[in-house]
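Participant: Give me coordinates for this.
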Amino acid sequence: MEQRQLGLNIKRLRQERGLSQARAAARAGVDPATWNQVETRARKPNIETLERMASGLDVEMADLFAGYEIPKVEPPLPFNQVAEERGDEEQQRRSFFANAIISAANRLIRIVEDPATNDQKRFGVGDAASALADYAVEHVDEEVWDALTNEERRELIGVQEKLLEVVEQVTQHIEGRQAEEEVAERREKIKEWTRQLSA
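Facilitator: Numbers count the residues shown, from 1 in each chain. Coordinates of the predicted model:
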């Protein structure tokens, strides 16, 4: 998502509620300077800050991302190369990152299951989870898989399963043959990885 759009969305939501930046920041437990910097695009917020801002505005975090488009990004370094370059600290971050994605996916599932959530938002949530899952699958070829440790493989499978669960929840709420086929394809990839891990 373009950071400009995120800042504009947050500003619009705040103004719709008749809140000043200072009042919104106080409700969210965020430093007023941080709030201002996010709105004016001088700072990229982390997940925790976004969750707090959404809470302070009494909206779901997904509401901050109206008009979201999945950006094209360069593929990351293979996991083992990153770990070698950065050492044990990277292993801790990687585990934290996998847990953060799983936690975010759990929150997305709650949004999808909420009866007040409209189908358009459900589609957006499903698309975002699907794009994350696709990105991982596209960049984990046989060479990368072979270079991963078993722990890294388990993390990758866990993240894939949780993202697939989000897509499945969307599929349950919005019927669609194409979505069901995509879920089945992803489920097969996870099974393949699990078999390779067990071998």
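Participant: neighbouring contacts of the strand or helix carrying Asn9?
Facilitator: Secondary structure from DSSP states H and E places Asn9 in helix 3-16. Helix 3-16 has contacts (Cβ atoms under 8 Å, 6 or more residues apart in numbering) with 21, 24, 38-41, 44-45, 53, 57, 59, 63-68. All C-beta spots, glycine's among them, are computed from the backbone N, C-alpha and C.
Participant: can you do 10 Å?
Facilitator: Identification of contacts with helix 3-16 by Cβ atoms under 10 Å, 6 or more residues apart in numbering yields 1-2, 19-21, 23-25, 27-28, 35-45, 50, 53-54, 56-59, 63-69.
Participant: neighbours around Ala33, how many?
Facilitator: Neighbours of Ala33 under the rule other Cβ atoms under 10 Å: 12.
Participant: helix/strand/coil for it?
Facilitator: With DSSP: H, G, I helix; E, B strand; the rest coil as the basis, Ala33 sits in helix.
Participant: Chain neighbours aside, what residue packs nearest to Glu155?
Facilitator: Ala98 (4.2 Å; Cβ to Cβ, 6 or more residues apart in numbering).
Participant: element containing the one you found, please.
Facilitator: Ala98 is part of helix 88-113 when elements are defined by DSSP H and E.
Participant: Show me what secondary structure element comes after that helix.
Facilitator: Using DSSP H and E, the helix or strand that directly follows helix 88-113 along the chain is helix 119-138.
Participant: who's in contact with Asn99?
Facilitator: Neighbouring residues of Asn99 by Cβ under 10 Å, 6+ apart: 155, 158-159.
Participant: domains of the chain?
Facilitator: For the chain, the domain assignment from automatic domain parsing gives the residue ranges 3-65, 79-198.
Participant: could you give the mean pLDDT of the shortest one?
Facilitator: pLDDT averaged over domain 3-65 equals 87, rounded to a whole number.
Participant: what's the spacing between it and its chain's center?
Facilitator: Centre-to-centre, domain 3-65 and its host chain are 18 Å apart (Cα atoms, centre = their mean, to the nearest Å).
Participant: Against which helices or strands is the strand or helix carrying Thr49 packed?
Facilitator: Take DSSP H and E as the rule and Thr49 turns out to sit in helix 47-56. Counting contacts by 3 or more Cβ pairs under 10 Å, 6 or more residues apart in numbering; DSSP states H and E, helix 47-56 packs against helix 3-16, helix 21-28, helix 32-39, helix 88-113.
Participant: can you do 8 Å?
Facilitator: helix 21-28, helix 32-39 (3 or more Cβ pairs under 8 Å, 6 or more residues apart in numbering; DSSP states H and E).
Participant: Okay, buried residues for the last one please.
Facilitator: This points to helix 32-39. Across helix 32-39, burial judged by 16 or more other Cβ atoms under 10 Å covers 34-35, 38-39.
Participant: and that helix, what does it pack onto?
Facilitator: helix 3-16, helix 21-28, helix 47-56.
Participant: quick one, the first one and helix 21-28 angle?
Facilitator: Taking axes from the mean of the first three to the mean of the last three Cα atoms, to 10 degrees, one finds that helix 3-16 is oriented at 90 degrees with respect to helix 21-28.
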